[in-house]
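> let's see this in three dimensions:
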Amino acid sequence: PPAVLNTSLCLARTWNNAKGGQCGRSPLEGTSFCRGHLSLDRWRIHGRVDGPVPAEKLVEFEKAKPKASPKMRAIIRVEDSSSDDDSDGRGGTPSVAAAAMPLLELPPSVALTPGALAHGGSGGGGGNDLGGGG
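Numbers count the residues shown, from 1 in each chain. All right, here's what the predicted structure looks like:
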């Protein structure tokens with residue numbers, strides 16, 4: 001379901017790039033759905049935004065979820081291999097946060113060593129100096 005459910009809008013779930021969303025149209029008076037979703041009970045295709053996703057549509061949502069890019073898979077693998085021991089309680093399992101983090105593009109003049117971000121940066125600015133000169 002969306003982060004915020006707007007009860008003044010149609011309560012039909014929409015595709016929304018395989019994430020599910022809420023229809024943005026106003027419902028017809030006395031109903032929970034807009035004209036389009038009431039027509040031929042079209043709201044039943046994706047279900048109500050405040051209810052369960054129909055089983056066959058749930059399969060489609062899962063299949064259509066975006067896959068991690070090659071860069072993101074590499075980041076996940078690096079994090080996974082960097083924590084092979086269980087001393088930190090993670091047991092080498094990539095975190096959900098790592099999988100969801102956007103990539104940070106740094107200028108070529110910035111050189112980061114493996115683990116520099118995890119251990120307070122590469123010196124000079126307590127981890128906040130990204131090599132901007134000065």
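
> give me the mean pLDDT for stretch 59-74.
Stretch 59-74 comes out with an average pLDDT of 77.

> ok, residue 14 - contacts?
20, 21, 22, 23, 46, 49 (Cβ atoms under 8 Å, 6 or more residues apart in numbering). Just so you know, the C-beta spots here come from the backbone N, C-alpha and C atoms, and that holds for glycine as well.

> let's see it at 7 Å
21, 22, 23, 46 (Cβ atoms under 7 Å, 6 or more residues apart in numbering).

> can I get the residues you listed in JSON lines with secondary structure and distance to residue 58?
Formatted as JSON lines, those follow (DSSP: H, G, I helix; E, B strand; the rest coil; distance: Cβ to Cβ, whole Å):
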{"residue": "21", "secondary structure": "strand", "distance to residue 58": "15"}
{"residue": "22", "secondary structure": "strand", "distance to residue 58": "17"}
{"residue": "23", "secondary structure": "coil", "distance to residue 58": "18"}
{"residue": "46", "secondary structure": "helix", "distance to residue 58": "10"}
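
> among those, which two are most distant?
In those, two members sit farther apart than any others by Cβ to Cβ. They are 22 and 46, at 10.2 Å.

> pull up the overlap in contacts between those two.
By Cβ under 7 Å, 6+ apart, the residues touching both residue 22 and residue 46 are 13, 14.

> lovely, talk soon.
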